[in-house]
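# kindly generate the corresponding structure for this input.
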Amino acid sequence: MQEKSQMMNQISEKDQTINRRIQRLRLHLNPITSSNNGSSALIEVEGCKGGEKGKKTAIEVNSEALTFYMRGKYRDIQEKVYEYFKGRPELQTPIEISKDDHRELCLKQLLGLVREAGIKPFRYVVEEPAKYFAILEAVGGFDMSLGIKMGVQYSLWGGSVLNLGTKKHKDKFFDGIDNLDYLGCFAMTELHHGSNVQGLQTVATFDPVTDEFIIDTPNDGAIKWWIGNAAVHGKFATVFAKLMLPTHDAKGVTDMGVHAFIVPIRDMNTHKVLPGIEIHDCGHKVGLNGVDNGALRFCAVRIPRDNLLNRFGDVSRDGKYTSSLPTINKRFAATLGELVGGRVGLAYSSVGVLKIASTIAIRYSLLRQQFGPPKQPEISILDYQSQQHKLMPMLASTYAFHFATVNLVDKYSEMKKSHDDELVADVHALSAGLKAYVTSYTAKSISICREACGGHGYAAVNRFGSLRNDHDIFQTFEGDNTVLLQQVAGDLLKRYQEKFRGGTFAMTWNYLKESMNTYLSVPNPVTVRWEGEEHLRDPQFQLDAFRYRTSRLLQSAAMRLRKHSRTLGSFGAWNRCLNHLLTLAESHIETVILAKFIEAVKSCPDESSRAALKLVCDLYALDRIWNDIGTYRNVDYVAPNKAKAIHKLVDYLSYQVRNIAKELVDAFDLPDDVTRAPIARQSQAYSQYTQHVGF
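Numbering: from 1, shown residues only. Just a heads-up that it's a prediction; the model follows:
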């Protein structure tokens, strides 16, 4: 009887497996169809196990509610930017424009925005950063050169005065920076030094006789390079240089480390370059040619002692140095820490670029029809699985990045108000990671969008070329992405080591508190094989999978570094493990992004919007797991049958997201005169497109 019972159980399990495979095959061969015009706003969701077999539920997306949830509280000022440029067509950047004309137009755009439209971003840089970043996103949507020029003026040049200076500097320079009388530059990068700011060679030597600093470029490698606003328009520059104090010993001077100085570079009345300063044009660039990048050389340029931005270190009339921070390294860290807003702005703005590119590609993919079943109408190219595979995970990532960078901006705004040390550390690490990860992803995605739109994507009027070229440098300035990811990895390892000394994790690393116990234990052999949709779409499973991967990478990186440092030293060990460390940083950032997306889904008040966001969030999570399925398989975290189920579910979720793709991109709320590409028009796209060639 026992043997018979066991045999019946085996037959029952076999029957269930066969039935499950038949159901999947049936779904594959007879997928749920959608309208060819892409107007359907229904999500067809397969019933979870335990429910009525074969029953499907339809969720209608409330487009208005979803748009409202995505807009944010500063949409009004963005619309003010949109309306201003819509009413001033002569200020809109033409497709074909010379470098010099683009620079002058870019200045006119900025002057018009500030002086005519009355939009003054500078007042928000410190007091309300989220509002400043909202303006920056809207401005960059029209022309990224304008967004960068505005960022140089207010975030970099103006921000350095506010964040590194004291009251005397704000009183003297605020109004001129605000109203654009004092156009300025941020002169940090040198010909031989970019990421290694501590290695800068420009010097500022104090002269106690005249109470002045003397700014010098000691060699060609120290020429300030790629300085925005320098070639044509700038009147001032914040110059980063080593502060040298004279001594009475054999050395003659003492190096106090890198400090920032306000240096006038052009006459306020004649606009002529001032004596001792040499300015050259960096020339035509791959993109952003509306920004006048220049190179600066200084030869014994004298500035008043008060032009030292002295928040973290000051020099008295008699040449004595004082600082609230005891070491060069601490002063340097504090100085760079106050400039982290640039990274926050780039991460946030990069998502804005990704929204524009994905909107153009998806709207065109819904519009364009090609091929189809014999003797039947052609179908939308977004109905092809290959097109969905290109664009739907990208759309999901755009949503994920949106919520992650909104959270980053909120944290940054809170940091500027509270100056809480833990929050400061959190924002530093998070801004470095998100800036690197998001800008790299966006750069790749713009090219994918171009390819997805075929030949029409190659037309300049449809914007992919300018978006790609203008955005490309986002991966380099405000910190090279590879360097920033190393900072993230280094901080992770530091927190990991502190854990064993009784230390605490910063907020962003909080999930790693118990990771060495919870996530590195032997995987449950039952969970490893679960392949049901309900389980795979469970946010806890998704987060656990992301955290498990990060924890394993962190532990193995620490072990490898310890091993190699014995023979190679710390630098050699780091270089030997560098690719591993970059993967660790990316894994951690993906984990943080997913956690913020899940929070955003739960917080959405509208039920239909919440269901749509949940679908998109599931696609983001499972697509990332599938893309790194080898890691999970190598450590038996995911069994072969479960890996196959994840792959199939990613394809199916891409199809489901396709059903609401129009509503999802519409929720970005980008007017046609912002996207501007004719193939992205919501009506009369082809007639608009043909007008550009004279029909």
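
# what's around residue 232, how many residues?
Neighbourhood size, residue 232 [other C-beta atoms under 10 Å]: 18. The way it works is simple: take the backbone N, C-alpha and C, and place the C-beta from them, glycine included.

# now residue 233, what's its secondary structure?
What DSSP: H, G, I helix; E, B strand; the rest coil gives for residue 233 is coil.

# ok, it - how many residues close by?
For residue 233, the count of nearby residues is 24 (other C-beta under 10 Å).

# then residue 415?
24.

# for the closest residue to residue 316 other than its chain neighbours, what are its contacts?
Spatial nearest neighbour of residue 316, excluding adjacent residues (C-beta to C-beta, 6 or more residues apart in numbering): residue 322 at 6.9 Å. With contacts defined as C-beta atoms under 8 Å, 6 or more residues apart in numbering, residue 322 is in contact with 313, 314, 315, 316.

# what are the bridge partners for residue 322, then?
Per DSSP bridges, the residues bridged to residue 322 are residue 314.

# low-confidence ranges in the stretch 201-350 of the chain?
Low-confidence segments of the stretch 201-350 of the chain (pLDDT under 70): 250.

# for the stretch 501-650 of the chain, same thing?
501-526.

# cool, the stretch 351-500 of the chain as well?
Low-confidence segments of the stretch 351-500 of the chain (pLDDT under 70): 499-500.

# how close does residue 371 sit to residue 379?
Residue 371 sits at a distance of 7 Å from residue 379 (criterion: C-beta to C-beta, to the nearest Å).

# which of those two has more neighbours?
The neighbour comparison of residue 371 against residue 379 (other C-beta under 10 Å) goes to residue 379, with 15 against 9.

# residue 368 is in contact with the more buried one, correct?
No. The pair residue 379 and residue 368 does not pass the contact test of C-beta atoms under 8 Å, sitting 10.0 Å apart.

# what about the residue most central in space within the chain, distance to residue 365?
For the chain, the residue sitting closest to the mean C-alpha position, by C-alpha atoms, centre = their mean, is residue 347 at 2.5 Å. According to C-beta to C-beta, residue 347 and residue 365 sit 27 Å apart.

# cool, residue 572 as well?
Plainly put, residue 572 is 49 Å away from residue 365 if you go by C-beta to C-beta.

# the more surrounded of these two?
Comparing residue 572 with residue 365 by neighbour count (other C-beta under 10 Å), the higher total belongs to residue 365, at 25 against 12.

# which residues touch the nearest residue to residue 106 once chain neighbours are set aside?
Leaving aside its sequence neighbours, residue 106 sits nearest to residue 290 (C-beta to C-beta, 6+ apart; 3.5 Å). Residues counted as contacts of residue 290 (C-beta under 8 Å, 6+ apart) are 93, 102, 103, 105, 106, 143, 145, 146, 148, 149.

# can you list the buried residues in the helix ranked longest in the chain?
When the chain is scanned for its longest helix (criterion: DSSP state H), the result is helix 539-576. The neighbour-count check on helix 539-576 (16 or more other C-beta atoms under 10 Å) flags 539, 541-555, 557-558, 561, 564-565, 573-574, 576 as buried.

# from the chain's centroid, how far away is that helix?
Here helix 539-576 shows a centroid-to-chain-centroid distance of 24 Å under the convention C-alpha atoms, centre = their mean, to the nearest Å.

# which elements pack onto it?
When contacts are defined as 3 or more C-beta pairs under 8 Å, 6 or more residues apart in numbering; DSSP states H and E, helix 539-576 sits against helix 481-499, helix 515-518, helix 578-603, helix 607-627, helix 629-634.

# format those helices as TSV; extra columns: mean neighbour count and distance to residue 165.
Below are these laid out as TSV (neighbours: other C-beta atoms under 10 Å; distance: least, C-beta to C-beta, whole Å):
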stretch	mean neighbour count	distance to residue 165
helix 481-499	19	26
helix 515-518	14	42
helix 578-603	20	33
helix 607-627	22	42
helix 629-634	15	48
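
# and the ones you listed as JSON lines, adding distance to residue 227?
Formatted as JSON lines, the helices and strands packed on helix 539-576 follow (distance: least, C-beta to C-beta, whole Å):
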{"stretch": "helix 481-499", "distance to residue 227": "20"}
{"stretch": "helix 515-518", "distance to residue 227": "43"}
{"stretch": "helix 578-603", "distance to residue 227": "29"}
{"stretch": "helix 607-627", "distance to residue 227": "38"}
{"stretch": "helix 629-634", "distance to residue 227": "43"}
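
# out of these, nearest to residue 383?
Closest to residue 383 of those, according to C-beta to C-beta: helix 607-627, at 17.1 Å.

# mind checking how far that closest one is from the chain centre?
Distance of helix 607-627 from its chain centroid, counting by C-alpha atoms, centre = their mean, is 20 Å.

# could we number from 28 for the rest of this?
OK, 28 is where the count begins now, so the last one is helix 634-654.

# so that helix versus helix 605-630, what angle?
Going by axes from the mean of the first three to the mean of the last three C-alpha atoms, to 10 degrees, helix 634-654 is angled at 160 degrees with respect to helix 605-630.

# and helix 634-654, what does it pack onto?
Taking 3+ C-beta pairs under 8 Å, 6+ apart as contact, the helices and strands that helix 634-654 lies on are strand 69-73, strand 83-87, helix 90-98, helix 412-445, helix 566-603, helix 605-630, helix 667-686, helix 688-693.

# and the angle from that helix to helix 412-445?
110 degrees.

# then helix 634-654 to CSV, C-alphas only?
Output of helix 634-654 as CSV, limited to C-alpha atoms (Å, rounded to 0.1, in the frame of the first residue of the first chain):
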residue,chain,number,x,y,z
GLU,A,634,-5.0,51.9,-7.5
SER,A,635,-4.7,51.6,-11.2
SER,A,636,-1.5,53.6,-11.3
ARG,A,637,-0.1,51.4,-8.5
ALA,A,638,-0.9,48.3,-10.5
ALA,A,639,0.8,49.7,-13.6
LEU,A,640,3.9,50.8,-11.6
LYS,A,641,4.0,47.3,-10.0
LEU,A,642,4.1,45.7,-13.4
VAL,A,643,6.9,48.1,-14.5
CYS,A,644,8.9,47.5,-11.3
ASP,A,645,8.6,43.7,-11.7
LEU,A,646,10.0,44.0,-15.2
TYR,A,647,12.9,46.2,-14.0
ALA,A,648,13.8,43.7,-11.2
LEU,A,649,13.4,40.5,-13.2
ASP,A,650,15.2,41.8,-16.2
ARG,A,651,18.2,42.7,-14.1
ILE,A,652,18.2,39.3,-12.4
TRP,A,653,18.0,37.6,-15.8
ASN,A,654,20.9,39.7,-17.2
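
# checking residue 231 next. Helix, strand or coil?
strand.

# same thing with residue 200?
Here residue 200 is helix, with the state taken from three-state DSSP.

# tell me the pLDDT of it.
Here the pLDDT value assigned to residue 200 is 98.

# isn't it up against residue 210?
No. Contact criterion C-beta under 8 Å: residue 200 and residue 210 do not qualify, at 11.7 Å.

# in JSON lines: the helices and strands packed on helix 634-654, plus distance to residue 555.
Shown next, in JSON lines, are the helices and strands packed on helix 634-654 (distance: least, C-beta to C-beta, whole Å):
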{"stretch": "strand 69-73", "distance to residue 555": "23"}
{"stretch": "strand 83-87", "distance to residue 555": "29"}
{"stretch": "helix 90-98", "distance to residue 555": "36"}
{"stretch": "helix 412-445", "distance to residue 555": "24"}
{"stretch": "helix 566-603", "distance to residue 555": "11"}
{"stretch": "helix 605-630", "distance to residue 555": "20"}
{"stretch": "helix 667-686", "distance to residue 555": "7"}
{"stretch": "helix 688-693", "distance to residue 555": "33"}
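
# out of those, which comes closest to residue 648?
helix 566-603 (3.9 Å).

# next, the angle from the longest helix of the chain to helix 634-654.
Put simply, helix 566-603 runs at 40 degrees to helix 634-654, going by the same axes, to 10 degrees.

# shared neighbours, residue 200 and residue 210?
residue 263.
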